[in-house]
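Enquirer: Next comes the sequence, and after it the predicted model I'd like to discuss.
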Amino acid sequence: MTIAYFDCFSGISGDMILGALVDAGMDFDELTNELKKLPVDGYRLTRKEVARQHISGTKIDVIVRTASGHEVVEGPGEEMPYHEHGDGRHLADLISTIENSELDHVIKQQAICIFEQLATAEGKVHGISKEAVHLHEVSGVDAIIDIVGACIGLALLDIKTVYTSALPVGRGFVHCDHGLMPVPAPGALELMRDMPVYHTGIEGELVTPTGAAFLKATAAGQGVMPKMVLRKIGYGAGTKEIQGHPNMLRVCIGDKVD
């Protein structure tokens, strides 16, 4: 059985997951072709090779075209997608988008589970139901592509079970729809409930809501790497440069050993 261990020494976000999976061997063209099965447009996916503290990896960006025609790239610290009011997508809209796609049933169910985790956590933090939570329009496209793309990646690489390391958290504040929010963001921290975490002292957001929700919904275990015959290794680059620290997510893929 093929398993994957996400080594989150610098945290985890949606774009880092995609980068790590592509770097580990997921075919980028297959990924983009599968994403075309979603009834979502107004975005493009880019890939480039980058280095973080002399470690090479893959950087994936979801570039979203706004109503005014501008292109926007969302990154950690900006990924605070949920809010209570205004234009955006409800959870029901996201589920409908995924269900009305031509994607494989397993991918659909996995992606819907991740979005339900996100909405439940944000609803709890803001004191509203998960059904009442909205997703910002631009961040909504970004999150859909990141989350569905990650589920596609697991399928393309035939990964049956996911494991994760303990999650590092940063400090400080980030700007969002509600004003200044403490790091970790309340929604992300809620998603990390019952998971092993540790403080790094690094300024800024390391674990985004999308990254935390992905692990919450998919990880069968947290902690040290399980015994496996290691077959593939991938590094997904984060957006920010962290002084003296490689801002990468590492995925180790192999055959489980009992």
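Expert: All right, it came through fine. Numbering: from 1, shown residues only.
Enquirer: Note down every partner strand of whichever strand or helix holds residue 44 and its orientation.
Expert: Using DSSP states H and E, residue 44 maps to strand 43-52. When pairing is defined by DSSP bridges, strand 43-52 lines up against strand 55-65 (antiparallel).
Enquirer: if we can go back for a sec, could I get the buried residue list for the strand holding residue 44?
Expert: By neighbour count on 16 or more other C-beta atoms under 10 Å, the buried set for strand 43-52 is 43, 45, 47, 50, 52. No exception for glycine: its C-beta is placed from N, CA and C like everyone else's.
Enquirer: what's the closest non-adjacent residue to the second one?
Expert: Among residues not flanking residue 45 along the chain, residue 32 sits closest, at 5.6 Å (C-beta to C-beta, 6 or more residues apart in numbering).
Enquirer: Can you give the contact residues for the helix or strand containing the one you found?
Expert: Assigned by DSSP H and E, residue 32 belongs to helix 28-35. With contact meaning C-beta atoms under 8 Å, 6 or more residues apart in numbering, helix 28-35 is reached by 18, 22, 45, 47, 103, 107, 145, 148-149, 152-153, 156.
Enquirer: redo that, cut-off 10 Å
Expert: Helix 28-35 is touched from outside by 18, 21-22, 27, 43-47, 58, 60, 62, 101-104, 107, 144-145, 148-153, 155-156, with contacts defined as C-beta atoms under 10 Å, 6 or more residues apart in numbering.
Enquirer: Show the buried residues in these.
Expert: Buried members of the contacts of helix 28-35, counted by 16+ other C-beta under 10 Å: 18, 21-22, 43, 45, 47, 58, 60, 62, 101, 103, 107, 144-145, 148-153, 156.
Enquirer: Among these, which lie within helices?
Expert: 18, 21-22, 107, 144-145, 148-153, 156 (DSSP state H).
Enquirer: Dump those residues into JSON lines; add distance to residue 235 as well.
Expert: JSON lines is the format used below for these (distance: C-beta to C-beta, whole Å):
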{"residue": "18", "distance to residue 235": "12"}
{"residue": "21", "distance to residue 235": "11"}
{"residue": "22", "distance to residue 235": "10"}
{"residue": "107", "distance to residue 235": "24"}
{"residue": "144", "distance to residue 235": "24"}
{"residue": "145", "distance to residue 235": "20"}
{"residue": "148", "distance to residue 235": "22"}
{"residue": "149", "distance to residue 235": "17"}
{"residue": "150", "distance to residue 235": "16"}
{"residue": "151", "distance to residue 235": "20"}
{"residue": "152", "distance to residue 235": "19"}
{"residue": "153", "distance to residue 235": "14"}
{"residue": "156", "distance to residue 235": "18"}
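Enquirer: Enumerate the positions of stretch 222-230 that are buried.
Expert: For stretch 222-230, by 16+ other C-beta under 10 Å, it's 222, 228.
Enquirer: export the host helix or strand of residue 112 as PDB, just CAs?
Expert: For residue 112, the element it lies in under DSSP H and E is helix 105-126. C-alpha atoms of helix 105-126 as PDB (Å, rounded to 0.1, in the frame of the first residue of the first chain):
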ATOM      1  CA  HIS A 105     -16.200  10.100  -6.800                       C
ATOM      2  CA  VAL A 106     -13.400   9.500  -4.300                       C
ATOM      3  CA  ILE A 107     -11.800  12.800  -5.200                       C
ATOM      4  CA  LYS A 108     -15.100  14.600  -4.800                       C
ATOM      5  CA  GLN A 109     -15.900  13.100  -1.400                       C
ATOM      6  CA  GLN A 110     -12.400  13.800  -0.100                       C
ATOM      7  CA  ALA A 111     -12.500  17.500  -1.300                       C
ATOM      8  CA  ILE A 112     -16.000  18.000   0.200                       C
ATOM      9  CA  CYS A 113     -14.800  16.600   3.500                       C
ATOM     10  CA  ILE A 114     -11.900  19.100   3.600                       C
ATOM     11  CA  PHE A 115     -14.300  22.000   2.900                       C
ATOM     12  CA  GLU A 116     -16.700  20.800   5.600                       C
ATOM     13  CA  GLN A 117     -13.700  20.800   8.100                       C
ATOM     14  CA  LEU A 118     -12.800  24.400   7.000                       C
ATOM     15  CA  ALA A 119     -16.400  25.700   7.300                       C
ATOM     16  CA  THR A 120     -17.000  24.000  10.600                       C
ATOM     17  CA  ALA A 121     -13.900  25.400  12.200                       C
ATOM     18  CA  GLU A 122     -14.500  29.000  10.900                       C
ATOM     19  CA  GLY A 123     -18.100  28.800  12.000                       C
ATOM     20  CA  LYS A 124     -17.100  27.800  15.500                       C
ATOM     21  CA  VAL A 125     -14.500  30.600  15.700                       C
ATOM     22  CA  HIS A 126     -17.000  33.300  14.500                       C
END
